[in-house]
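1. need a 3D model of the following:
(one chain, ligands or ions: 2)
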Amino acid sequence: MSDFEYQSGFRNQFATEALPGALPEGQNAPQRCPFGLYAEQFSGSAFTAPRSHNLRSWLYRIRPSAAQSAYRPLEVGQLSTAPESEVAADPNQMRWDPLPMPQAATNFIDGLFTMATNGDAGTQIGCGIHLYTLNADMTGSFFYDADGELLVVPQLGTLVLRTEQGLLKVAPGEVAVLPRGLKFQVRRAAGTDAARGYVCENYASPFELPGLGPIGANGLANPRDFLTPTAYYEDTQGEFELIAKFGGKLWAAELDHSPLDVVAWHGNYAPYKYDLARFNTINTVSFDHPDPSIFTVLTSPSDTAGMANIDFVIFPPRWMVAEHTFRPPYFHRNIMSEYMGLIHGTYDAKAEGFVPGGSSLHNCMSPHGPDANTFDKASSEELVPQYQGNTLAFMFESRYVFNPTPSALSAGFRQRDYVDVWHGLHSHFKPDAR
Ligand SMILES: O=C(O)/C=C/C(=O)CC(=O)CC(=O)O
Ligand SMILES: [Fe+2]
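-> Ligands and ions are numbered 1, 2, ... in the order given. Below is the predicted model of the structure:
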């Protein structure tokens with residue numbers, strides 16, 4: 001039997017037990033739970049949230065989470081202590097090479113590097129964008145994030161996410177979402193020495209599937225392709241550290257047992273993973289380049305309809321068939337701010353310089369689009385159907401302006417000449433020749 005077993009569906013009312021009979025029957029909090037377990041509710045929405053957005057699970061565990069020491073502040077490392085360390089927003093288009101791989105032993109938490117944040121974790125608006133590089137497993141430590149839900153986008157190396165609610169294996173090309181508050185540790189899957197990727201720490205409304213409007217009942221990311229783990233527990237005593245991110249800072253508490261002691265659980269608040277290759281990509285079969293919203297995988301809405309706190313958008317392998325069209329992304333300026341990453345291959349707006357593991361930032365109303373080489377090629381190429389197979393880019397797009405961190409601004413891996421990619425775009429204007 002594989003170590004990894006999943007239940008299919010997006011935010012279903014799942015029910016899973018690692019020990020048959022561990023889930024109470026017909027109620028959540030019996031006077032005494034089966035097998036002497038403790039009942040604990042784990043909530044991701046206010047109790048009074050509308051039923052469609054009400055998120056909670058009931059965990060049946062060996063010890064309640066409250067059985068831990070007091071918290072003490074912990075050194076923050078490369079993680080931004082939002083908001084004090086934020087610099088003012090910057091309208092410059094920015095691009096970065098990949099974060100260099102670590103030399104010394106570095107686990108997932110040690111290796112987090114904050115690139116940009118917006119909004120504010122305390123008031124639950126906006127997000128933090130982090131990179132991770134790691135070459136070591138978390139063994140004696142566990143982590144939870146009170147500031148936000150974590151969308152993990154591996155770019156290199158396969159991760160094993162050992163969570164309270166079960167085990168997930170996540171490879172490049174897949175993404176995982178770990179709900180706010182979930183305790184977990186990150187290890188490397190067999191065959192992975194080092195790993196690298198992106199994390200969107202969503203301070204606000206949890207990710208949900210976008211509405212499909214006239215697309216209909218099917219398409220884009222389909223609910224059945226989301227996978228939530230089955231219950232897994234270990235009954236391990238020892239000295240463990242529980243690291244929490246709370247209020248932009250790290251804290252630590254001591255545990256005398258592994259917190260992965262949930263024997264059974266039921267509910268709709270749980271981690272999940274999704275294989276981006278399952279995305280049912282919809283695009284033009286006539287002319288013009290559609291807006292990237294057609295590629296939305298998950299959305300975190302804000303209080304204003306249509307203005308996402310964050311949209312998670314991908315640019316997957318797809319056919320390009322548009323006739324009499326400039327096929328790459330058009331030049332544009334948006335109210336939404338865009339943070340991009342590349343998982344593999346090349347992105348169609350950039351002939352070079354935007355590499356796997358790299359990042360770019362185009363803030364509110366800062367102009368951008370294809371580089372000069374891409375413009376020249378796409379303006380004259382023969383418009384035969386073309387399969388764009390070697391590509392997987394993504395975007396964290398937000399209504400809130402991103403503030404790059406001082407460490408991202410001063411990083412050695414920042415491309416300080418990025419704006420030059422548009423310098424070769426000269427005038428072709430000939431008023432007497434249409
Ligand atoms: O593909 C699209 O339709 C639009 C995508 C974007 O807006 C992303 C960028 O603007 C990043 C970039 O060009 O580097
Ligand atoms: Fe853009």
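
2. just give the nearest non-adjacent residue to S302, would you?
-> Nearest residue to S302, sequence neighbours excluded (Cβ to Cβ, 6 or more residues apart in numbering): N309, at 4.3 Å. Yep, even glycine has a C-beta here, placed from its N, CA and C like the rest.

3. how about the secondary structure of that neighbour?
-> strand (DSSP: H, G, I helix; E, B strand; the rest coil).

4. pull the contacting residues for whichever residue of the stretch 1-150 of the chain sits closest to ligand 1.
-> In the stretch 1-150 of the chain, no residue comes nearer to ligand 1 than R95, which is 8.1 Å away by Cβ to the nearest ligand atom. Residues near R95 by Cβ atoms under 8 Å, 6 or more residues apart in numbering: 353-354, 358-361, 414-415, 418.

5. you'd agree it is in a strand?
-> Yes. Secondary structure of R95 (three-state DSSP): part of a strand.

6. touching, the residue nearest to S302 and S337? I think so.
-> No. Taking contacts as Cβ atoms under 8 Å, N309 lies outside contact range of S337: 11.5 Å.

7. about what we covered before: per-residue pLDDT of the residue of the stretch 1-150 of the chain closest to ligand 1, please?
-> Listed pLDDT for R95 reads 98.

8. sorry, back to before: tell me the contacts of the residue nearest to S302?
-> When contacts are counted by Cβ under 8 Å, 6+ apart, N309 touches 119, 125-127, 202, 204-205, 300-302, 398-400.

9. who in this protein is up against ligand 1?
-> 289, 292, 315, 329, 338, 340, 349-350, 360, 362, 368-369, 395 (Cβ under 6 Å from any ligand atom).

10. let me know the closest of those residues to L19.
-> M395 (42.5 Å; Cβ to Cβ).

11. which strands or helices does the helix or strand harbouring G128 pack on?
-> Element membership of G128, judged by DSSP states H and E, is strand 125-134. Judged by 3 or more Cβ pairs under 8 Å, 6 or more residues apart in numbering; DSSP states H and E, the packing partners of strand 125-134 are strand 113-120, strand 195-202, strand 308-315, strand 391-398.

12. how far off strand 113-120 does it point, in degrees?
-> 170 degrees (axes from the mean of the first three to the mean of the last three Cα atoms, to 10 degrees).

13. picking up where we left off before, any of the contacts of N309 buried? List them.
-> Among the contacts of N309, those scoring as buried are 119, 125-127, 202, 204-205, 300-302, 398-400 (criterion: 16 or more other Cβ atoms under 10 Å).

14. export those as TSV, with columns for pLDDT.
-> Formatted as TSV, the buried ones among the contacts of N309 follow (pLDDT from 0 to 100):
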residue	pLDDT
G119	94
I125	97
G126	97
C127	97
N202	98
A204	98
S205	97
S300	98
P301	98
S302	97
S398	98
R399	98
Y400	97
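
15. quick check, nearest of these to L55?
-> S205 (10.2 Å).

16. surely the closest one is in contact with L298?
-> No. Assessed by Cβ under 8 Å, S205 is found out of contact with L298, at 11.2 Å.

17. quick one: classify S407 as helix, strand or coil.
-> Reduced to three states by three-state DSSP, S407 is helix.

18. per-residue confidence for it?
-> 92.

19. ok, V170 next?
-> So V170 comes in at 98 (pLDDT).

20. again with S85
-> 56.

21. how about V76?
-> 66.

22. on that earlier part again, just the buried ones among the contacts of N309 now: which is nearest N218?
-> Out of the buried ones among the contacts of N309, the member with the shortest distance to N218 (by Cβ to Cβ) is P301, at 21.5 Å.

23. quick one, helices of the protein?
-> 372-380, 406-409 (DSSP state H).

24. pick the most deeply packed of those.
-> Per-stretch averages of neighbours, counted by mean count of other Cβ atoms under 10 Å, single out helix 406-409 among those, with a mean of 16.

25. looking at the stretch 151-300 of the chain, which residue is nearest ligand 1?
-> Taking Cβ to the nearest ligand atom, the stretch 151-300 of the chain has P292 as its residue nearest ligand 1, at 3.8 Å.

26. where's that residue relative to F35, distance?
-> Distance, P292 to F35, by Cβ to Cβ, to the nearest Å: 50 Å.

27. looking at those two, which one has more neighbours?
-> P292 (18 against 12; other Cβ atoms under 10 Å).

28. mind checking pLDDT for the nearest residue to the more buried one once chain neighbours are set aside?
-> Nearest residue to P292 in three dimensions, chain neighbours excluded: V313, at 5.4 Å (Cβ to Cβ, 6+ apart). Looking at V313, its pLDDT stands at 98.

29. likewise for P30?
-> On the pLDDT scale, P30 is placed at 98.

30. confirm for me that it is in contact with Y38.
-> No. Using Cβ under 8 Å, P30 is not in contact with Y38, being 11.3 Å away.

31. closest one to H257 among the helices and strands packed on strand 125-134?
-> Evaluated over those, closeness to H257 peaks at strand 195-202, with 27.2 Å, by Cβ to Cβ.

32. what are the buried residues along the closest one?
-> 195-202.

33. equivalent analysis for stretch 142-160, please.
-> 142-145, 147-160.

34. distance from it to the middle of the chain?
-> For stretch 142-160, the separation from the chain centroid amounts to 7 Å (computed by Cα atoms, centre = their mean, to the nearest Å).

35. how about stretch 238-257?
-> Stretch 238-257 sits 22 Å away from the centroid of its parent chain (Cα atoms, centre = their mean).

36. cool, stretch 325-333 as well?
-> Here stretch 325-333 is found 26 Å from its chain centre; the criterion is Cα atoms, centre = their mean.

37. next one: stretch 348-363
-> That offset, for stretch 348-363, works out to 18 Å (Cα atoms, centre = their mean).

38. could you work out the most separated pair of the residues of the chain next to ligand 1?
-> Maximum distance among the residues of the chain next to ligand 1 (Cβ to Cβ): 18.3 Å, for H289 and S360.

39. those two - which one has more neighbours?
-> Using other Cβ under 10 Å as the criterion, H289 and S360 rank with S360 on top: 23 against 19.

40. what sits opposite that one in the beta ladder?
-> R95, M340 (DSSP bridges).

41. go on, I314?
-> Residues in beta-bridge contact with I314 (DSSP bridges): F394.

42. so it makes contact with F396?
-> No. Counting by Cβ under 8 Å, I314 stays clear of F396, with 10.9 Å between them.

43. who has more neighbours out of those two?
-> F396 (27 against 22).
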